[in-house]
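K.L.:
This is the structure alone, sequence omitted:
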Ligand code: AHM
Ligand code: MG
């Protein structure tokens, strides 16, 4: 029975998957586990204490920060910095990346981490699931020197590990170290995660599409055509529309049931909304590791060479056949045209 394997045991048991492992990645994952339990505790009592609402500040991208965004960011940053395991951290809530010193003020740690500490935060006030997303790379700058921007601007296909936490009806951690995707569910009574969803597989086909259709008028023609296809009365169509507005939750449901998530460019957001480095890349890594696909409508997300820490990209992610179909409609029009 898988449900007797705890997350802690699983991390240790699978350390051997890494040829030259020194245990650093395992310690990094354990730190994430610790931080997420603290955030989970706070998210769960969100309606009870004065932690809801606007923190009265905006982040670098001009978005209002919710108190819980700020709190989650502080918890993850503090935990990762104090444990001195990564050499650098970038977060949706931080303007620039943060260099982390290792033991004895050295810069000998191998990994950098990028994260969105609390994604979908507009859902917090209304008791709808939110998530944490993270992405881990091996540094490219020399050991012993401070982490540099180049460490963070690596294409997603070089990710060593990626995952998300979903603070939903139950709290789950879903992650991959490049050997498939596994999901762990928290038993809140004892604070332990158990392997509940071993070797998760994205269904090749699906019948759910997730997109903010309210913005239809602003979408590229390829997206409009694909939506028409989804709504057509033919074969197993029309498909169901399901959109939570919380990427982690929409992705999680689609990975289990089969479906496609789209956040396209629009005449209002010409680059799209979602951030490549700490939203799209980690989710794309999990999609591919479970048999799904992720593109920007034309090419593979994981092959995009990033140029900016907070870069945005259009995002098409989900069941392989559905993403291929969406790409097919997109390919009929040149990129960036036909609004
Ligand atoms: P956030 O990082 O500010 O929370 O924004 C990301 C979220 C995603 O979780 C979600 O899929 C999307 O924004 C929803 O955007 P919209 O309200 O425009 O549909
Ligand atoms: Mg986000």
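P.N.:
Great, that's in hand. Computed from a predicted structure; not experimentally measured. Ligands and ions are numbered 1, 2, ... in the order given.
K.L.:
So which residue is dead centre in this structure?
P.N.:
residue 133 (3.7 Å; CA atoms, centre = their mean).
K.L.:
and residue 149, how many neighbours?
P.N.:
14 (other CB atoms under 10 Å). Using the backbone N, CA and C atoms, a C-beta is placed for each residue, glycine as well.
K.L.:
All the helices of the stretch 201-339 of the chain, in order from the start?
P.N.:
Using DSSP state H, counting those that start in this stretch, the helices found in the stretch 201-339 of the chain span residues 221-231, 247-257, 281-289, 320-330.
K.L.:
Dump these to a markdown table, plus mean neighbour count, mean pLDDT and distance to residue 237.
P.N.:
Formatted as a markdown table, the helices of the stretch 201-339 of the chain follow (neighbours: other CB atoms under 10 Å; pLDDT from 0 to 100; distance: least, CB to CB, whole Å):
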| stretch | mean neighbour count | mean pLDDT | distance to residue 237 |
| --- | --- | --- | --- |
| helix 221-231 | 19 | 97 | 7 |
| helix 247-257 | 24 | 98 | 16 |
| helix 281-289 | 27 | 98 | 22 |
| helix 320-330 | 20 | 98 | 11 |
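K.L.:
and of these, who's closest to ligand 2?
P.N.:
With CB to the ion as the measure, helix 247-257 is the member of the helices of the stretch 201-339 of the chain nearest ligand 2 (6.9 Å).
K.L.:
follow-up on the earlier one: for the residue nearest to the centre of the chain, what are its contacts?
P.N.:
By CB atoms under 8 Å, 6 or more residues apart in numbering, the contact set of residue 133 is 115-116, 119, 162-164, 247-248, 278-279, 282-283.
K.L.:
Tell me the helix or strand right after whatever helix or strand it lives in.
P.N.:
Following DSSP states H and E, one finds residue 133 within strand 130-138. From strand 130-138 onward toward the C-terminus, using DSSP H and E, the following helix or strand is helix 149-152.
K.L.:
In contact with the residue nearest to residue 150 when sequence neighbours are not counted, which residues?
P.N.:
In this structure, residue 150 finds its nearest non-sequential neighbour in residue 140, 5.6 Å apart by CB to CB, 6 or more residues apart in numbering. Residue 140 is in contact with 150-151, 154, counting by CB under 8 Å, 6+ apart.
K.L.:
and which of those residues is nearest to ligand 2?
P.N.:
For the contacts of residue 140, the minimum distance to ligand 2 (CB to the ion) is 19.7 Å, reached by residue 154.
K.L.:
And the helix or strand where residue 174 lies, what's buried?
P.N.:
Using DSSP H and E, the element containing residue 174 is strand 171-176. Of the residues in strand 171-176, 171-176 count as buried by neighbour count, 16 or more other CB atoms under 10 Å.
K.L.:
Could you tell me the angle between that strand and helix 281-289?
P.N.:
Orientation check (axes from the mean of the first three to the mean of the last three CA atoms, to 10 degrees): strand 171-176 against helix 281-289 gives 70 degrees.
K.L.:
domain parsing for the chain?
P.N.:
7-197, 208-330 (automatic domain parsing).
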